[in-house]
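K.L.:
Let's see this in three dimensions:
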Amino acid sequence: MKFTADDGSRRQFFLMFGRSAGDIEVNGKYVGNSKIIDDKTEGYCISWAYDEIKRKLTDEPGLIEVKDDRVTCSSKDLTANFHGVFPKYMLDISNSGEKVCCLEIREPADVNYNSELSEFFRGLFGYRFANLYFDFKGELFGKDFSGKCYAQKVIVIGPFIPWKWSRIIFKNGSVLTYYIPNIEIIGVEYNIHNSMEFYDAETRKLHRFRKAKVYEYPSEKGNKRWIVTAEESRVFMVTKSYCKEALSFTKNFNFRYIENLVDVVDFQVELEDRIITLEETGSGLGMVEDTSGFVI
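P.N.:
Purely as a prediction, here's the structure:
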């Protein structure tokens, strides 16, 4: 689950947990294959936030319990409870006995943009994921926190391969996302899938674009930049990182996954009837996922 503020600040919050059908190392820590017994299974939990500074909450093996309308994830110090029924949920998290957040998660104002389903299979191998989009409000570290969030469920059957993914939230409620899974053979990347969507909050319309391209530019100061285009620059966006968290998954090979928090430096999208820039959307921030490697 990923939460992004809509008040013009850079505040973002992340909670991720899951299990593997086989033994694996996550960030150098062994996670064994675990069966589900009495609605419980062993897994792994990662949570961190940016609240003026980076705050890392947990990065540990944990216990996951799914029962009725509640999902609970407990690691060494952190306990997260996600409960409720559509269209309203609650997320309560405590760390070492202190409250981290209490967030009310509800169906977005525009019910036409509340979910995304995608899958890609070749033979027996492939992936399927579901994104549920929400608005939220509540408290994070004792301060008001509101904006947009999503809950994601991913199932991978086969190798874990790299991808390019980002979700950007603009101050006026518009959203841009792209997803490009790819494989690399002898230094050449081949896209398996290519999609980009822009949700225009003003008209409440979703626009889809083809041929998305992402160019990455490292910086001596460590703040990477990404230039993103689609359909011969009908979409043009530049983002710059301001914080990051790295994860690694090891099983036979190594897969590296970096969550980069980014600001939007420049943005323009050409629609059928108008051109939208940062003047219309307001500031933008979100995440760019930077992945590399391979895991079987």
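K.L.:
since we're on residue 22, how many residues are nearby?
P.N.:
For residue 22, the number of neighbouring residues by other Cβ atoms under 10 Å comes to 9. Glycine gets a C-beta too; all of them are placed from N, C-alpha and C.
K.L.:
Distance check, it against residue 250.
P.N.:
Applying Cβ to Cβ, to the nearest Å, the value for residue 22 to residue 250 is 12 Å.
K.L.:
which residues of this structure fall in helices?
P.N.:
Using DSSP state H, the helices of the chain run over 278-281.
K.L.:
Domain-wise, how is it divided?
P.N.:
1-157, 159-296 (automatic domain parsing).
K.L.:
how about a markdown table for these, with mean pLDDT added?
P.N.:
Listed next are the domains of the chain as a markdown table, based on pLDDT from 0 to 100:
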| stretch | mean pLDDT |
| --- | --- |
| domain 1-157 | 89 |
| domain 159-296 | 89 |
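K.L.:
wait, doesn't residue 286 sit right on residue 6?
P.N.:
No: Residue 286 is beyond contact range of residue 6, at 11.3 Å (criterion: Cβ atoms under 8 Å).
K.L.:
list residues touching both of those two?
P.N.:
Counting by Cβ atoms under 8 Å, 6 or more residues apart in numbering, the residues touching both residue 286 and residue 6 are residue 169.
K.L.:
What's the separation between the residue nearest to residue 261 when sequence neighbours are not counted and residue 283?
P.N.:
Setting aside the residues directly before and after it, residue 261 is nearest to residue 243 in space (Cβ to Cβ, 6 or more residues apart in numbering), at 4.4 Å. Relative to residue 283, residue 243 is positioned 16 Å away (Cβ to Cβ).
K.L.:
And residue 244, by the same measure?
P.N.:
20 Å.
K.L.:
More neighbours: those two, which one.
P.N.:
Using other Cβ under 10 Å as the criterion, residue 244 and residue 283 rank with residue 244 on top: 18 against 15.
K.L.:
hang on, the more buried one packs against residue 259?
P.N.:
Yes: counting by Cβ under 8 Å, residue 259 is a contact partner of residue 244 at 6.3 Å.
K.L.:
still on that earlier bit, what's the neighbour count on the residue nearest to residue 261?
P.N.:
17.
K.L.:
how much space between it and residue 220?
P.N.:
Per Cβ to Cβ, residue 243 is found 17 Å from residue 220.
K.L.:
what do you get for residue 67?
P.N.:
Taking Cβ to Cβ, one finds residue 67 at 50 Å from residue 220.
K.L.:
ok, the two, which is more surrounded?
P.N.:
Shown here are residue 67 and residue 220; by other Cβ under 10 Å, residue 67 has more neighbours (11 against 5).
K.L.:
list the contacts for that one?
P.N.:
residue 39.
K.L.:
can you pull up the bridge partners for it?
P.N.:
Going by DSSP bridges, residue 67 is paired in beta bridges with residue 70.
K.L.:
I'd like the distance from it to residue 81, if you could.
P.N.:
As judged by Cβ to Cβ, residue 67 and residue 81 stand 11 Å apart.
K.L.:
Same question for residue 64.
P.N.:
12 Å.
K.L.:
Need the overlap of contacts for those two.
P.N.:
71-72.
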